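**Q** Sequence first, then the predicted structure, then my questions.
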Amino acid sequence: MMKKTVQRIHLILVPFAIIFLVSCRSTERMLEEGKYEQLISLTKRKIKGSRNKTKYVVALEEAFNRLQEKDLKKMEQLERDGTLRGWEGMFSLARRIESRQEALEPYLPVTDEAGYQATFNFIRVEVYIEKSREKAAQLLYSRALDEISMAREGDKLAARRAYLTLSGIETYYSTYKDKERLMDEAENLGITRVWIDVQDNSSRFTPAFFEEELLAIQFSRLNDRWTRFIAHPPGDLELDYKVVLEVDYIQVGRDLIHEREIVRTKEVEDGWRYVLDKNGNVAKDSLGNDIKEPKWIDVTATILQTNQEKTASISGRMNLINLKESTMVESRPLRANAVFEHLAQRYSGDERALEKNDLRVIYPVPFPNDRDMIMLAVEAMREEFSRALQSLRLRT
């Protein structure tokens, strides 16, 4: 009996011993491999109780202090570097240290089951944070001033870089010197402005608001961060490009009518008749009643379909002009069509020959006048024009 009990205790204790050894080796291996962040996360989860195992307390202490020492040396190295990248790196690293220290504070003091209290080396990161953000902001501001100087000479890419550089200062300070004013200037210098215009060179009489209808484009859909399309720019606005839609030809077709007839024939039941025997007499059933049968006849109906059609088209060219250099950058043809169609139908004859859809009577409608057809073509051309504008590649 005693032997069996010892065996059971042995079977219970062996797995726990294996887990303990694996756990110890795991923390030691993580220390050896320099996985301090993972080890800190692991050991913090293990020390939540009041009776903390020594191996976890020691592992947390060792990992935390090693990582602190490593990061402190890295910050000192970045400080000696003195570059913008170095100060940015120091700021990020100091903030990570700050977060790590704040995350540990709720666990303090950390004591193991034997009464040993771990010692953690905290760093005064406020000094590093303040110094690095001040230096980084100074260097960013200085770089932005150089970029804006180039932008004032007409370099739009430099203006856009300046805007992004000044935006980077917001990582460190919400307000800084005249950052906001400079960002407004950089944005203004970096935007490419495109004047959109329409010229009607067709010899056809067009509605008074023809050109305005072509310009009624939702430019907000075409504008992006650094491009603005403008239909009616103020006289004092500095422009970079001009896009002219030259309308060369407007055509409106005649009112066309195409008719066709469709004949439907069907065999339908049309009453009944008596069944005659071989002698020509009315046949009788077993009860003596007269025998009847359905009478079938062929019926015919005619469907007259009238197709009304009228078309209009507008054609021209879209020219892209570089106003700074007074050069034609691109010219491409544009064409748009508008089609009016209406199908009318009526029928005559025996409606029993018709299908369900054939029974619909659709009356002809008045043809749109030429002015209305031109405006339908304008809507189509406006869509073509919008797509062409969207595909432009503007050199900055």
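**A** Arrived safely. Keep in mind that this is a model prediction, so the values were computed, not measured.
**Q** Please count neighbours and contacts with C-alpha atoms only from this point.
**A** Will do.
**Q** I'd say residue 179 and residue 166 touch.
**A** Yes - under the criterion of Cα atoms under 8 Å, residue 179 makes contact with residue 166 at 6.5 Å.
**Q** Looking at those two, which one has more neighbours?
**A** residue 166 (24 against 18; other Cα atoms under 10 Å).
**Q** Now residue 181: which helix or strand?
**A** In this structure, residue 181 sits in helix 179-190 according to DSSP states H and E.
**Q** which residues do residue 179 and residue 166 both contact?
**A** Counting by Cα atoms under 8 Å, 6 or more residues apart in numbering, the residues touching both residue 179 and residue 166 are residue 141.
**Q** circling back: who does the helix or strand following the helix holding residue 181 pair up with?
**A** Next along the chain after helix 179-190, taking DSSP H and E as the criterion, comes strand 192-200. In the sheet, strand 192-200 lines up against strand 227-230 (parallel), strand 241-252 (parallel) (DSSP bridges).
**Q** Let me see the mean pLDDT of the first one.
**A** The average pLDDT within strand 227-230 is 96.
**Q** Check what contacts it and list those residues.
**A** Counting by Cα under 8 Å, 6+ apart, residues outside strand 227-230 touching it are 191, 192, 193, 194, 195, 196, 219, 222, 223.
**Q** For those residues, could you give me TSV that also reports neighbour count and pLDDT?
**A** What follows is the contacts of strand 227-230, written out as TSV (neighbours: other Cα atoms under 10 Å; pLDDT from 0 to 100):
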residue	neighbour count	pLDDT
191	20	96
192	20	96
193	20	96
194	24	97
195	19	97
196	19	96
219	16	91
222	15	93
223	15	94
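**Q** and the two most separated of the residues you listed?
**A** 191 and 196 (15.6 Å; Cα to Cα).
**Q** Quick check on the residue of the chain positioned farthest from its centre: phi, psi?
**A** Most distant from the centre of the chain: residue 279, at 87.5 Å, with distances by Cα atoms, centre = their mean. Dihedral pair for residue 279: phi -100, psi 0, per degrees, to the nearest 10.
**Q** any idea how far stretch 66-79 is from the chain center?
**A** Its chain's average C-alpha position is 42 Å from that of stretch 66-79, according to Cα atoms, centre = their mean, to the nearest Å.
**Q** Keeping just the C-alphas, turn it into PDB.
**A** The C-alpha trace of stretch 66-79 is given here as PDB (Å, rounded to 0.1, in the frame of the first residue of the first chain):
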ATOM      1  CA  ARG A  66      19.400  45.100 -18.600                       C
ATOM      2  CA  LEU A  67      16.900  46.700 -21.000                       C
ATOM      3  CA  GLN A  68      17.200  50.000 -19.200                       C
ATOM      4  CA  GLU A  69      21.000  49.900 -19.400                       C
ATOM      5  CA  LYS A  70      20.800  49.000 -23.100                       C
ATOM      6  CA  ASP A  71      18.400  51.800 -23.900                       C
ATOM      7  CA  LEU A  72      20.300  54.300 -21.900                       C
ATOM      8  CA  LYS A  73      23.500  53.600 -23.800                       C
ATOM      9  CA  LYS A  74      21.500  53.900 -27.000                       C
ATOM     10  CA  MET A  75      20.200  57.300 -26.000                       C
ATOM     11  CA  GLU A  76      23.700  58.500 -25.200                       C
ATOM     12  CA  GLN A  77      24.900  57.300 -28.600                       C
ATOM     13  CA  LEU A  78      22.000  59.100 -30.400                       C
ATOM     14  CA  GLU A  79      22.800  62.300 -28.400                       C
END
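**Q** If we go by neighbour counts, what in it is buried?
**A** 66, 67, 68, 71, 72, 75, 78, 79 (16 or more other Cα atoms under 10 Å).
**Q** Next SSE downstream of the helix or strand where the first one lies?
**A** Read that as residue 66. Element membership of residue 66 [criterion: DSSP H and E] is helix 54-81. Using DSSP H and E, the helix or strand that follows helix 54-81 towards the C-terminus is helix 84-104.
**Q** in that following helix, what counts as buried?
**A** Counting neighbours by 16+ other Cα under 10 Å, the buried set in helix 84-104 is 84, 86-95, 97-98, 100-101.
**Q** what does stretch 239-251 give?
**A** 239, 240, 241, 242, 243, 244, 245, 246, 247, 250, 251.
**Q** Then stretch 107-122?
**A** So, applying 16+ other Cα under 10 Å, buried residues of stretch 107-122: 110, 111, 112, 117, 118, 119, 120.
**Q** Put the alpha carbons of it into PDB.
**A** C-alpha atoms of stretch 107-122 as PDB (Å, rounded to 0.1, in the frame of the first residue of the first chain):
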ATOM      1  CA  TYR A 107       3.500  46.200  -9.300                       C
ATOM      2  CA  LEU A 108       6.000  47.900  -6.900                       C
ATOM      3  CA  PRO A 109       7.300  46.800  -4.600                       C
ATOM      4  CA  VAL A 110       8.000  43.400  -6.100                       C
ATOM      5  CA  THR A 111       8.900  40.800  -3.400                       C
ATOM      6  CA  ASP A 112       9.400  37.100  -3.600                       C
ATOM      7  CA  GLU A 113       8.100  34.400  -1.200                       C
ATOM      8  CA  ALA A 114      11.400  34.500   0.800                       C
ATOM      9  CA  GLY A 115      11.100  38.300   1.400                       C
ATOM     10  CA  TYR A 116      13.600  39.400  -1.300                       C
ATOM     11  CA  GLN A 117      12.600  42.800  -2.800                       C
ATOM     12  CA  ALA A 118      13.700  43.500  -6.300                       C
ATOM     13  CA  THR A 119      15.500  46.700  -7.200                       C
ATOM     14  CA  PHE A 120      14.600  48.400 -10.500                       C
ATOM     15  CA  ASN A 121      16.800  51.100 -12.100                       C
ATOM     16  CA  PHE A 122      14.500  53.900 -13.200                       C
END
